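Peer 1: Let me see the structure of the following:
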Amino acid sequence: MRARELGIAIGDDEPGRWDAITDVDGIRVGHTTLIEGESIRTGVTVVIPPEVPLFAGCHRLNGNGELTGLEWLRESGLLTTPIGITNTFSVGVVRDSIAARSADEDGWSLAVVGETYDGFLNDIRAQRIRSEHVDAAFAAAAGEGVPEGNVGGGTGMVCHGFKGGIGTASRTVNGYTVGVLVQANYGRRERLRVDGVPVGRLIGDRIPEPTQGDETGSIIGIVATDAPLLPHQCERLAQRMGLGVGRMGGTGAISSGDLFLAFATGNRGLAVERGELPLRMLGEGEISPLYDAVIDATEEAILNAMLAAETMTGANGNTVYALEGELLADLLRRS
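Peer 2: Now for the predicted structure:
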């Protein structure tokens, strides 16, 4: 189930065909989901741009997390590899696998890999992710509708006291497309708001809440657009993801790694190292509608992550319950 299937439309702009980051032409998303025995609940998600390098920017809302390769991204203004997302203890193997793939093609790589902590449902110290799981995510990557919820890197994640995971959404604005993908694993139940309604408080204990601590977790967010943006404009788009998280009730808590990256496909052929490059830039007066799109799509992507997720029992018998779509829709109708 997704937000729009329940009649929940965040903001005024329309989504693209898939209501997903893959609405930006050429982008593919792939997952490997690893569920084994009673305690392994994890995986890998990859976001593959149509080519690299591309102009990019990033933003840190709170830094208790990891998104590798950002120092070079800030220095150069370029995204130079596909993006991986996994659990906290598997960043290294995913980074190495993406670096090896990129080095085979380009001879050099600083891979970009983000993480959130799935140790409540997953035996994270078992470190079960291997390079073949990364390869499988690349092999599964498609430019269509994106599986959400308990998939890929989001398999074992918890969001606002409900089952979380991978979510995505998109918006079309003035002829451009903005797509968002999140790995949502943050937030407190009582702060959860949907379209301004305090649904976390209204639900209360009608859906049991896991006892994993008040502010455990993080969120990784990726923005893609086909607008012709330069790196400083991409950075400003990434920053607006934090406003979408805030509208859902996120606070950038001290325990949270809230890290966001935005890239733009509107300028191509950036691998040329000599001579002049013809570049395009969207005028500053046209940027604000893209901000709106990022904020609204981020809110919807987080909601989609929770609505698509299913109740899961994992390590140590811990259970996290899904957000019930019909209950949410009823609360919003009554508000």
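
Peer 1: going forward, measure contacts between C-alpha atoms and count neighbours the same way
Peer 2: Fine.

Peer 1: So which residues of the chain form helices?
Peer 2: Here the chain has its helices, by DSSP state H, at 70-76, 91-106, 131-140, 199-203, 231-248, 288-308, 325-334.

Peer 1: So for the second one, mean pLDDT?
Peer 2: Right, the one you point to is helix 91-106. For helix 91-106, the mean per-residue pLDDT is 88.

Peer 1: so who does Glu14 touch?
Peer 2: Shown in contact with Glu14 (Cα atoms under 8 Å, 6 or more residues apart in numbering): 171-173.

Peer 1: coming back round to it: most tightly surrounded among the helices of the chain?
Peer 2: Highest mean neighbour count of these: helix 288-308, a mean of 27 (counted as mean count of other Cα atoms under 10 Å).

Peer 1: Could you list every helix and strand that that one packs against?
Peer 2: strand 165-173, strand 176-185, helix 231-248 (3 or more Cα pairs under 8 Å, 6 or more residues apart in numbering; DSSP states H and E).

Peer 1: Out of the ones you listed, which gets nearest to Val24?
Peer 2: Nearest to Val24 among these is strand 176-185 (5.9 Å), distances taken as Cα to Cα.

Peer 1: Lowest mean pLDDT across the helices of the chain, which one is that?
Peer 2: helix 91-106 (a mean of 88).

Peer 1: burial count for the closest residue to Ala227 other than its chain neighbours?
Peer 2: Closest residue to Ala227 apart from its sequence neighbours, by Cα to Cα, 6 or more residues apart in numbering: Gly266 at 5.1 Å. Residues lying near Gly266 (other Cα atoms under 10 Å) number 18.

Peer 1: so what's Gly266 up against?
Peer 2: 225-229, 280.

Peer 1: Then Val320?
Peer 2: Contacts of Val320 by Cα under 8 Å, 6+ apart are 158, 161-163, 208-210, 311-313.

Peer 1: and with 7 Å instead?
Peer 2: Val320 makes contact with 162-163, 210, 311-313, according to Cα atoms under 7 Å, 6 or more residues apart in numbering.

Peer 1: Buried ones among these?
Peer 2: Those of the contacts of Val320 that meet the buried threshold are 162-163, 210, 312-313, by 16 or more other Cα atoms under 10 Å.

Peer 1: correct me, but Met34 touches Thr42?
Peer 2: To be clear, residue 34 is Leu; Met isn't right here. Yes: with contact defined as Cα atoms under 7 Å, Leu34 counts as touching Thr42 (5.2 Å).
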